[in-house]
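Asks: Pasting a predicted model and its sequence here:
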Amino acid sequence: MERLGRYEILEELGQGAMGTVYRARDPKIDRIVALKTIRLVGGAAEIQDYRERFFREAQAAGRLSHPGIVTIYDVGEQEQTQTPYIVMEHIGGETLEKLVTAAGAQRLPLENTLDLVQQVAEALDYAHAQGIVHRDIKPSNIIVTPEGRAKIADFGIAKLSVAQLTVPGQILGTPSYMSPEQLSGGTVDGRSDLFALGVILYWMLTGDKPFTGDTTTAVSFKIVYKDPVPVTVLNPTLPATFDAVMDRALAKNPDRRYQRGKDFAQDLDDMRHRRPPRSLLAAPRVPAAEQTLAPPRAAAAVPSSAAPGARPPTTAVAAQPIPAQPQRRWVATTAALLVLTLGALGGWWWVNREHATRDQATPTQTTESAPSSQPPETQTAPPPTTSPPAQPIPAATTGSTLPQPTRPVATPAGRQTRTEQRTSAVTPARLNVVSRHSFRQAQVFIWLEETLVYQGLMRGQPRGGASRSIQGLFAARLEVPPGWHNIRVRVVSRDNGGFEDTAQIQAEFGANTAHTLEVYFSRAGALGNPTRKLSLRWRK
């Protein structure tokens, strides 16, 4: 019988990029263990450096004692080949990868999915509190016991959160689950593990990974620069809160991500029990300029005609605004102080002028003229800013999944505008625009009132088969000021003789809320000569 050290090898359990895993027996205490050999590649200096690093990290990971983490019992080295190995707790059950793959298109029940990911998040919170980062969280490193307990394995390549244990320029981990900072050579901490866990949750909810490509380079580029399709597009049975949770878990900027595993776990527990995710409601917002590592793209100005029922133009906040230049901050500060000073003087003058005008316009009461029961009107009262639309939007255009809100109470001109501006600067609303389409390529334009806030492309790919049909997914995220908005979408394509259509819809956006607008293409016209029509509807 083959041995490694004092351990008797019973059978091979599997092989991976790091080495081979065996089921073995410890004869000293008659215990079944999992033994993993570590494959060493490279020159003599590199092998020696990695060997020393492996023993240090295995020793650190051996301190972990948590029901959601596979326990490390021992570490050693084969005498003849000097192959290092690590001895771990043997767990019965299947890896999460095999479990989800076996479920196929049926997917695991939502309750089970949230429960398993919550368990992993809690275990990661414990490990991170001990100063240990896994760096390679993926479905094959998560074992699910027959009792439904999730346990993280392979902490043997975990990295201590200290600089002396980091190999400069070396990347450990699987690209599909790596965080943007891992791929770009940035600082790695526990939030990188939480990003990988977010990728796992996305995959379990939809059956697809959020970042895909034919090559490692393509996948890496999407992780760093591209936002994934919202999970509610791929799985429409999910409520909109899942988009908000995934947005935070997969944020490009680590400061916008879940900062601790327990925060992620609490949100998952809330969703399991049909409650609003608590940390998303209480979390402070980060400026929009920090949402992505990708360079922002400004929308080009495209002239458009006035939409029916549109309100006066409103300044919209784009999804990726261009941050101010640091060297000009003193100019912006000086200008802001000057504007505040002039605004205060102007407000003092207006208040005194308003009182003086009202006093002059109010008639003096005498015994010959009884006072009226209604207050006298003044000619200086400003008109309300919230007038109803000139033309109502047809019901077929507005959709029916999001109820039309009541109109806000009218306030004097200027006052409501300043309030909305202050609110939008702190807690803007988010508009997600999604679409399943059959265009090879189409241009998309989105307006809020008369302001163009997005210009981009829809792209599709052949699905194969005899029909060679084209299918594609489109997603865009915008930030808009809270309040009532008229949204207009235009799609233009040269495919199959050309397509061009525009639709619009209205809704009220609350501060720090998210709404998903679906752009879909229905069939209209005669049976033998159908045409496509652009339509809009809200998703719950």
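Replies: In hand now; what should we look at?
Asks: surely residue 495 meets residue 439?
Replies: Yes: using CB atoms under 8 Å, residue 495 makes contact with residue 439 at a distance of 5.2 Å. In this view, the C-beta of every residue, glycine as well, is placed from N, C-alpha and C.
Asks: who's more crowded, the two?
Replies: Ranked by neighbour count (other CB atoms under 10 Å), residue 495 and residue 439 place residue 439 first, with 25 against 14.
Asks: Quickly list what's touching both of residue 495 and residue 439.
Replies: Here residue 495 and residue 439 have residue 470 as joint contacts, going by CB atoms under 8 Å, 6 or more residues apart in numbering.
Asks: How about residue 107, nearest residue that isn't a chain neighbour?
Replies: Leaving out its chain neighbours, the residue that sits closest to residue 107 by CB to CB, 6 or more residues apart in numbering is residue 207, at 6.3 Å.
Asks: Report how many residues lie close to the one you found.
Replies: 16.
Asks: For the stretch 401-540 of the chain, which segments count as strands?
Replies: Assigned by DSSP state E, counting those that start in this stretch, the strands in the stretch 401-540 of the chain fall at 429-437, 441-448, 451-459, 461-462, 470-480, 483-493, 499-509, 514-525, 530-539.
Asks: returning to what we had before: model confidence at the residue nearest to residue 107, what's the number?
Replies: On pLDDT, residue 207 comes in at 92.
Asks: from memory it sits against residue 105, does it?
Replies: Yes: counting by CB under 8 Å, residue 207 does reach residue 105; the two are 6.7 Å apart.
Asks: re earlier: I'd like the strands of the stretch 401-540 of the chain laid out as TSV, including mean pLDDT and distance to residue 77.
Replies: What follows is those, written out as TSV (pLDDT from 0 to 100; distance: least, CB to CB, whole Å):
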stretch	mean pLDDT	distance to residue 77
strand 429-437	89	53
strand 441-448	91	57
strand 451-459	87	52
strand 461-462	78	50
strand 470-480	86	50
strand 483-493	92	63
strand 499-509	91	62
strand 514-525	82	53
strand 530-539	84	57
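Asks: Residue 237 is nearest to which of those?
Replies: strand 530-539 (11.2 Å; CB to CB).
Asks: List the strands paired with that closest one, with their directions.
Replies: strand 514-525 (antiparallel) (DSSP bridges).
Asks: Can you give the contact residues for the strand it pairs with?
Replies: If you take CB under 8 Å, 6+ apart as the criterion, strand 514-525 is touched by 230, 232, 240, 243-244, 402, 429-438, 444, 474, 487, 489, 491, 503, 505, 507, 509, 530-539.
Asks: residues in contact with the residue nearest to residue 107?
Replies: For residue 207, counting by CB under 8 Å, 6+ apart, the contacting residues are 105, 107, 234.
Asks: Among these, name the buried ones.
Replies: Neighbour-count burial (16 or more other CB atoms under 10 Å) is assigned, among the contacts of residue 207, to 107, 234.
Asks: Relative to residue 40, which of the contacts of residue 207 is nearest.
Replies: Closest to residue 40, out of all of these and judged by CB to CB, is residue 107, at 39.0 Å.
Asks: ok, back up a step: who wins for proximity to residue 91 among the strands of the stretch 401-540 of the chain?
Replies: Across the strands of the stretch 401-540 of the chain, closest to residue 91 is strand 470-480 (CB to CB), at 37.5 Å.
Asks: ok, back up a step: for the contacts of residue 207, could you give me TSV that also reports secondary structure, pLDDT and distance to residue 44?
Replies: Shown next, in TSV, are the contacts of residue 207 (DSSP: H, G, I helix; E, B strand; the rest coil; pLDDT from 0 to 100; distance: CB to CB, whole Å):
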residue	secondary structure	pLDDT	distance to residue 44
105	helix	75	50
107	coil	87	48
234	helix	91	49
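Asks: Residue 439 and residue 454: what is the separation?
Replies: 17 Å (CB to CB, to the nearest Å).
Asks: tally of neighbours for residue 61?
Replies: 26.
Asks: ok, and the closest non-adjacent residue to it?
Replies: Closest to residue 61 by CB to CB, 6+ apart is residue 155, at 3.9 Å.
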